[in-house]
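J.: Return atomic coordinates for the entry below.
(2 chains)
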There are 2 protein chains.
Amino acid sequence: MPARRPSPHTLPEVAGGGLLDRRLFLRRGLVLATATAAAHTASATPDDDLPWLHEPGAPFTPYGQPSPHERLTARRIGANRAVPGNGVSFTPLEELEGIITPNGLHFERHHNGVPQIDPARHTLTLHGRVKQPLVFDVKSLLRYPMRSQLLFIECGGNSNAGWHQSPIQRPAGSVHGLISCAEWTGVPLSVLLDEAGVEPDARWVIAEGADAGAMNMSIPLAKMREDCLIGLYQNGERLRPEQGYPMRLIVPGWEGVLHVKWLQRLELSAQPVMSRNETAKYTELLPSGKARQFTFTMDCKSLITSPSHGQSLKQPDIYQVSGLAWSGHGRIRRVEVSADGGRSWADAALDGPVLPRCLTRFRIPWRWNGQPAVLKSRAIDERGNRQPERAALVAERGRAGYFHYNGIVAWAIDDDGRVSHTY
Amino acid sequence: MPARRPSPHTLPEVAGGGLLDRRLFLRRGLVLATATAAAHTASATPDDDLPWLHEPGAPFTPYGQPSPHERLTARRIGANRAVPGNGVSFTPLEELEGIITPNGLHFERHHNGVPQIDPARHTLTLHGRVKQPLVFDVKSLLRYPMRSQLLFIECGGNSNAGWHQSPIQRPAGSVHGLISCAEWTGVPLSVLLDEAGVEPDARWVIAEGADAGAMNMSIPLAKMREDCLIGLYQNGERLRPEQGYPMRLIVPGWEGVLHVKWLQRLELSAQPVMSRNETAKYTELLPSGKARQFTFTMDCKSLITSPSHGQSLKQPDIYQVSGLAWSGHGRIRRVEVSADGGRSWADAALDGPVLPRCLTRFRIPWRWNGQPAVLKSRAIDERGNRQPERAALVAERGRAGYFHYNGIVAWAIDDDGRVSHTY
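T.: Numbering: from 1, shown residues only, chains lettered A, B, ... in the order given. Coordinates of the predicted model:
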């Protein structure tokens, strides 16, 4: 090992347990033990037996698909066996990198399956407390002014295994993967509301989907005017059927359930509709016996995706800790990581651009010395919201909360390098 | 029509031919004739005959696919009939919105088809003028520090029908769609170069792919150190086979051909290799008889995607003009649009974030009065590079240029609202 390069064993720590300066990896090289070992055992000449070096490859395709070697990178389905169209599928966050979720892996939450809608027969009706009711077909909406924005959508019930007495032992995505992030393009609601003309007593908009469950939710008119979209495109192409094709409501930073899919009706009203999904569900019973309702904004939160449950560190070495942070209140300001179970913390690097109500990727190098360790991350957003320790969250909200779990997630590494979930 | 809302007929123009203020659409509503007409003819009650309102929908899927109603949104394949793995497929830009290209629609350029690589048998060798040759398998590279960046990749031959004597009559994507944009995540080359140790006389890096064509290209070492990546992820998931699975070189803002796919070898050298693709191809004969070589950086450019060739305006009304701008030199600073064939120009709005070497979506409202019109767009980047008129480009570069065409694109609208390509 040439002397001019830093040794992983002598680099200074920026926090306990081996956390290193977040800029170190990109400032100068670090010798990783595995790469150097590989360099000594492999030849510099590619293997001549590899068939793809000798045979013409596969032809062009109109619409590409992932490599067959990546078929395990898939949504994990958790559907209700009695009602197969009711349930969720999780984005496999621990298999992904960056901030974009490819459209095929965007999480799903359906109440009655995925309707197969013919866009030529679908309309959106804007009515109720408006001066002039309007009906839009898909073609007419496509002519309207649009805006594109990179936004996360997170289910209000994401991470709710955090309320369990014992830490659930599942991959990160199968617990926290009811969140995905895409570039959504659509028509600002403000444009359509102005066109219809809003009556002075209107305060709420009741949004209804065209699935057989006719899912409906009430959303404050002020939010609709501020930044909501009729979403028509997802990562450049038209929405996927399971994401609301041909149109869904986009409600930046707010609970996933409000992003009504297969949107067919927007009714302006003086009062909320008090539907099942805003009374019996998506409310939270507090220790006082009262319940929270209309808890719209998704909280400030983060998650280390690598290393995470089920992964394994092969040997003491320097590792990249990588994860995601987000807040429905705006931009992530800072993510801190601890490698000693929360006794000391160091700032992670944030991959730019850091956008409001969008996932932010964070990274920090970590030297694992082969001893047991506990990794945690905590996010702070631009409004000063801080991700709480689990104990503080449970003390405030009780154990019947179910929705809006945003406690700090801890991964324990044992002396064999195996990673598991811990509290 | 309520009096308080602006009439499309009295709004002031910001440039000739009906261009309106770029902020107008998002500041207040505009009555579009089609929507209002629809409101008078349709009922506010959804059609009870729609089967998806009554039947449970389709089940959850591990990996989602587009709606069958969108099957025409596909790459347009232009393969060599004699050598089916040699050719291109175009991204259908006129069907897409925002800036992200979904992975299934990212353009392709192959010399010998798409190799079906087993990642467990693939390695990357870094050798030549280095102190210690290194070999990386995929697993070891995945442990390295990574960086994510939203970047376009554009083929050096994109838009080359612009050199034809007559304007080609094809959809925008089928002429200009050898460009796509994704979030790429990978290992910075600087990290690997530091680890191997670079010899003082090294100036070039020769990159070679593991396809049966063993495509190779020379790239200056300084660029490799500055911002190149070994790309492993594309829009969050592992690379698609046709994009170089399991790894490709990412060379921000430079010609697509340099982004070597199925990357298997990086050889440091004092001289370029002078391969077929940097001598016989990807060079440009000038009117002087000299040829340009190593014309790496993709030029400042823009394209109106809507309205564009093959589309049709149904009636005089206000339309959204929407398009893409990009520059390999950095950020787009400004996009101007003309509706009178270039006599007058108005600033388009840019959807944020505006990122370096990334697509930027621009938009401007336009009132079409039913008369023939010519729409154009021109981009200016942060370095002051301006997209040239076609005549100026041809005068400078001649008609045998073939690569690096970035002339202004003009769409003619006839009095029936039909859109075609014009010079």
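
J.: Identify the bridge partners of the spatially most central residue of chain A.
T.: Nearest to the mean C-alpha position of chain A, by CA atoms, centre = their mean, lies residue A:179 at 2.8 Å. Assessed by DSSP bridges, residue A:179 has beta-bridge partners residue A:154.

J.: List the residues that contact it.
T.: A:91, A:93, A:107, A:152-155, A:158, A:324, A:326, A:359 (CB atoms under 8 Å, 6 or more residues apart in numbering or on different chains). Where you see a C-beta, it was placed from the backbone N, CA and C, and this is true even at glycine.

J.: Quick check: buried residues in stretch A:286-305?
T.: A:295-305 (16 or more other CB atoms under 10 Å in any protein chain shown).

J.: CA atoms only: put it into CSV for me.
T.: Output of stretch A:286-305 as CSV, limited to C-alpha atoms (Å, rounded to 0.1, in the frame of the first residue of the first chain):
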residue,chain,number,x,y,z
LEU,A,286,-53.7,9.4,21.8
PRO,A,287,-52.9,8.3,25.4
SER,A,288,-55.4,11.0,26.6
GLY,A,289,-58.2,9.1,24.9
LYS,A,290,-58.6,11.9,22.3
ALA,A,291,-57.8,11.2,18.6
ARG,A,292,-55.8,13.2,16.1
GLN,A,293,-57.7,13.8,12.8
PHE,A,294,-56.6,15.5,9.6
THR,A,295,-52.9,15.0,10.4
PHE,A,296,-52.0,15.8,6.8
THR,A,297,-48.3,16.6,6.7
MET,A,298,-45.8,13.8,6.7
ASP,A,299,-43.2,14.3,9.4
CYS,A,300,-39.4,14.8,9.2
LYS,A,301,-37.8,11.4,8.9
SER,A,302,-34.8,9.5,7.8
LEU,A,303,-33.6,5.9,7.3
ILE,A,304,-30.2,4.3,6.6
THR,A,305,-30.8,1.9,3.7
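
J.: anything in that stretch near chain B?
T.: No - Stretch A:286-305 lies out of reach of chain B by CB under 8 Å from any CB of the partner chain, never closer than 11.1 Å.

J.: Same question for stretch A:410-422.
T.: No - using CB under 8 Å from any CB, no contact is recorded between stretch A:410-422 and chain B, whose separation bottoms out at 12.3 Å.

J.: what's the first-to-last distance across that stretch?
T.: End-to-end span of stretch A:410-422 (CA to CA, to the nearest Å): 6 Å.

J.: Check stretch A:63-77 too.
T.: 24 Å.

J.: So is that stretch next to chain B?
T.: Yes - for a cut-off given as CB under 8 Å from any CB, stretch A:63-77 has contacts with chain B, namely A:63-70, A:73-75, A:77.

J.: So what's the model's average confidence on that stretch?
T.: The average pLDDT within stretch A:63-77 is 97.

J.: Check stretch A:95-114 too.
T.: pLDDT averaged over stretch A:95-114 gives 96.

J.: for stretch A:148-165, same thing?
T.: 96.

J.: cool, stretch A:349-358 as well?
T.: Rounded mean pLDDT across stretch A:349-358 is 96.

J.: Would you mind listing the outside residues contacting it?
T.: A:22-23, A:26, A:98-99, A:150-152, A:181, A:252-253, A:325-328, A:330-332, A:335, A:360-364, A:382, B:147-150, B:353, B:355.

J.: let's see 6 Å
T.: A:22, A:150-152, A:252-253, A:330-332, A:360-363, B:148, B:353 (CB atoms under 6 Å, 6 or more residues apart in numbering or on different chains).

J.: How about stretch A:367-381?
T.: Against stretch A:367-381 from outside (CB under 6 Å, 6+ apart): A:8, A:17-18, A:300, A:302, A:304, A:313, A:316, A:318-319, A:323, A:325, A:327, A:329-330, A:332-339, A:341-342, A:386-387, A:408, A:410-415.

J.: end to end, how far does that stretch reach?
T.: 27 Å.

J.: Only the buried residues of that stretch, if you could.
T.: Applying 16+ other CB under 10 Å to stretch A:367-381 flags A:367-368, A:373-381 as buried.

J.: now, among the residues you listed, which is nearest to chain B?
T.: Nearest to chain B out of the buried residues of stretch A:367-381 is residue A:368 (CB to the nearest CB; 11.5 Å).

J.: So the closest residue to chain B within the stretch 151-300 of chain A, which state does it fall into?
T.: Per CB to the nearest CB, residue A:194 is where the stretch 151-300 of chain A lies closest to chain B, at 2.7 Å. When states are read from DSSP: H, G, I helix; E, B strand; the rest coil, the local structure at residue A:194 comes out as helix.

J.: hang on, the earlier thing: pLDDT wise, what is the residue nearest to the centre of chain A at?
T.: Confidence for residue A:179, expressed as pLDDT, is 98.

J.: where's it relative to residue A:75, distance?
T.: 13 Å (CB to CB, to the nearest Å).

J.: Which parts of the stretch 151-300 of chain A are helices?
T.: Here the stretch 151-300 of chain A has its helices, by DSSP state H, counting those that start in this stretch, at A:172-176, A:189-196, A:221-227.

J.: follow-up on the earlier one: look at the residue of the stretch 151-300 of chain A closest to chain B and say how many residues are nearby.
T.: Residue A:194 has 19 neighbours, counted by other CB atoms under 10 Å in any protein chain shown.

J.: now do the one 3 residues further on
T.: The burial count assigned to residue A:197 is 16, neighbours taken as other CB under 10 Å.

J.: again, but for residue A:271
T.: 10.

J.: Excluding covalently adjacent residues, which one is nearest to it?
T.: Counting by CB to CB, 6 or more residues apart in numbering or on different chains, residue A:204 is the residue found nearest to residue A:271 once chain neighbours are left out, at 6.4 Å.

J.: count of residues packed around that neighbour?
T.: There are 22 residues near residue A:204, going by other CB under 10 Å.

J.: residue contacts, it?
T.: Counting by CB under 6 Å, 6+ apart, residue A:204 has contacts A:218, A:269, A:272.

J.: now do 7 Å
T.: A:218-221, A:269, A:271-272 (CB atoms under 7 Å, 6 or more residues apart in numbering or on different chains).

J.: Looking at the residues you listed, spot the one nearest residue B:309.
T.: residue A:219 (39.6 Å; CB to CB).

J.: Who does the closest residue to the closest one other than its chain neighbours form a beta bridge with?
T.: In space, and not counting its chain neighbours, residue A:219 is closest to residue A:205: 5.2 Å by CB to CB, 6+ apart. Beta bridges link residue A:205 to residue A:219, residue A:268, judged by DSSP bridges.

J.: I figured residue A:205 hits residue A:223, correct?
T.: No - between residue A:205 and residue A:223 there is no contact under CB atoms under 7 Å: 8.6 Å.

J.: who's more crowded, these two?
T.: Neighbours per residue (other CB under 10 Å) separate residue A:205 from residue A:223, with residue A:205 holding more: 29 against 19.

J.: how far away is that one from residue A:318?
T.: Distance from residue A:205 to residue A:318, counting by CB to CB: 51 Å.

J.: now swap in residue A:416 and tell me
T.: For residue A:416, the distance to residue A:318 equals 18 Å [CB to CB].

J.: go on, residue A:345?
T.: 19 Å.

J.: out of these two, which sits in the busier spot?
T.: It is residue A:318, of residue A:345 and residue A:318, that has more neighbours when counted by other CB under 10 Å, with 22 against 19.
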